[in-house]
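Participant: heads up, no residue letters with this:
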């Protein structure tokens, strides 16, 4: 999915801070590769049920006396970094008695190899308190971040359920058995019945010779009749045991894969190449997948909203302008992408828009336009360019063709003659001067 991020504020605040905030966020987002960090946190959210994001200033850019340095101007954003701690290293704990949130990050300090923990919470005055707990000493800093913590946690039910894990193990087992079956198919198991072992010239038993170009002679086992004492030779034979058909493992792999997709609400991927599936079944499968994304969509929107607002608040503190961006509110919207749509689905979107039942922005989003605002700006620019080109052409025609347009006085002196063909019917109207 793609996310649109903008900042909105009251009119008085927007004119003062919003343009600089958007430019600051855009530069910082690209420089810190925030989209990649967000993807990593989302992956942890889907398989583990939790995904953490953390804003921090590296210890190498701070000091023990001032964990949050003071940097004037817009250079403050260059000190802010975005981290994605593993779920087992960080969490946001909610006190059941007060419902207050407490951010916790555990790490090992590379400077002294000691285990430390950073906790973040709001005090009674609404200040953000950051405490570093370690073996030897503690550090504590209070920041005016407008009620924001420096760590955020996304939560949802894990997408990778126990059933998916079981089916993945079954699929892995089927893939493991495939090469073993290939070996068995190339080296068949054989059973020799009622045959003596080969013997050398001295009558000693030897091994069978196997492989290409070998020849073996089999002699039946000697048996003696207990009544008559007569010795007879049994009829020897060789039986080969065929391997399990490879289709057994192929079917197992297919069933396990289908079960995984069904559990994850991604059946539309199964029927993408199925020519027998109807259009209605494809739409229903896609609809089920898009609805399953709604469990993740609000969590990502909330995380990006926190990221933008907390980053601006932290930049304000570092630059000595705490509260500068507190009137700004981030507006975040994730646009879901369930894959390419068919020509019929795209046509339905266009027809619905033409009927006035959809906005242009919604129609563009459903047609796969990633950045609707940028596309609207390009369309407006092209329209203005066409209007300007038309205006220039009109001015050129009015300046260069004035002599070609007869004046009313000249038009009165014009005589029109009718030309006729051989049958006498009018064929053309010709103008001639009187």
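Facilitator: That came in fine, so what should we check first? Given the structure is predicted, the values throughout are model-derived calculations rather than measurements.

Participant: just for the stretch 151-300 of the chain, where's the confidence low?
Facilitator: 272-280 (pLDDT under 70).

Participant: where along it do the strands fall?
Facilitator: Residue ranges of the strands in the stretch 151-300 of the chain, as given by DSSP state E, counting those that start in this stretch, are 151-155, 189-193, 222-224, 231-233, 237-241.

Participant: which ones are touching the residue nearest to residue 46 when sequence neighbours are not counted?
Facilitator: Nearest non-adjacent residue to residue 46, counting by Cβ to Cβ, 6 or more residues apart in numbering: residue 159, 4.1 Å away. In short, each C-beta sits where N, CA and C put it, glycine included. By Cβ atoms under 8 Å, 6 or more residues apart in numbering, the contact list for residue 159 reads 46, 47, 264, 296.

Participant: Which of the residues you listed are buried? Put it as a ChimeraX command.
Facilitator: Of the contacts of residue 159, the buried ones go into a single ChimeraX selection, burial set by 16 or more other Cβ atoms under 10 Å:
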select :46,264,296
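
Participant: Mark which of the contacts of residue 159 are part of helices, please.
Facilitator: 46, 47 (DSSP state H).

Participant: separation between the residue nearest to residue 46 and residue 35?
Facilitator: 20 Å (Cβ to Cβ, to the nearest Å).

Participant: what bits of the stretch 1-150 of the chain have low per-residue confidence?
Facilitator: Those would be 1-19, 62-67, 73-74, 137, if you go by pLDDT under 70 across the stretch 1-150 of the chain.

Participant: cutoff 80 now
Facilitator: 1-19, 59-74, 109-113, 135-138 (pLDDT under 80).

Participant: Identify the residues contacting stretch 343-354?
Facilitator: By Cβ under 8 Å, 6+ apart, stretch 343-354 touches 279, 283, 358, 359, 360, 362, 363, 366, 367.

Participant: what sits against the last one?
Facilitator: In this case it means residue 367. So residue 367 contacts 341, 346, 349, 350 (Cβ under 8 Å, 6+ apart).

Participant: Give me the buried entries from those.
Facilitator: 341, 349.

Participant: mind listing which of the contacts of residue 367 are in helices?
Facilitator: Reading helices off these with DSSP H, I get 346, 349, 350.

Participant: Just give me the longest helix of this structure.
Facilitator: helix 372-400.

Participant: Report the secondary structure state of residue 106.
Facilitator: In terms of secondary structure, residue 106 is strand; the call rests on DSSP: H, G, I helix; E, B strand; the rest coil.

Participant: That one against residue 91, yeah?
Facilitator: No: with contact defined as Cβ atoms under 8 Å, residue 106 does not reach residue 91; the gap is 9.3 Å.

Participant: elements contacting the longest helix of the chain?
Facilitator: Judged by 3 or more Cβ pairs under 8 Å, 6 or more residues apart in numbering; DSSP states H and E, the packing partners of helix 372-400 are helix 360-366.

Participant: Please give me every residue in contact with the nearest residue to residue 50 once chain neighbours are set aside.
Facilitator: Distances taken as Cβ to Cβ, 6+ apart put residue 87 closest to residue 50, at 4.7 Å, once the chain neighbours are dropped. Going by Cβ under 8 Å, 6+ apart, residue 87 touches 44, 48, 49, 50, 51, 52.

Participant: What distance do you get for residue 87 to residue 263?
Facilitator: From residue 87 to residue 263 the distance is 21 Å (Cβ to Cβ).

Participant: Count the residues that sit near residue 316.
Facilitator: When neighbours are defined as other Cβ atoms under 10 Å, residue 316 has 22 of them.

Participant: can you confirm it is in a strand?
Facilitator: No: applying three-state DSSP, one finds residue 316 to be helix, outside a strand.

Participant: quick one, what contacts it?
Facilitator: Applying Cβ under 8 Å, 6+ apart, the residues contacting residue 316 are 76, 322, 323, 324, 325, 326.
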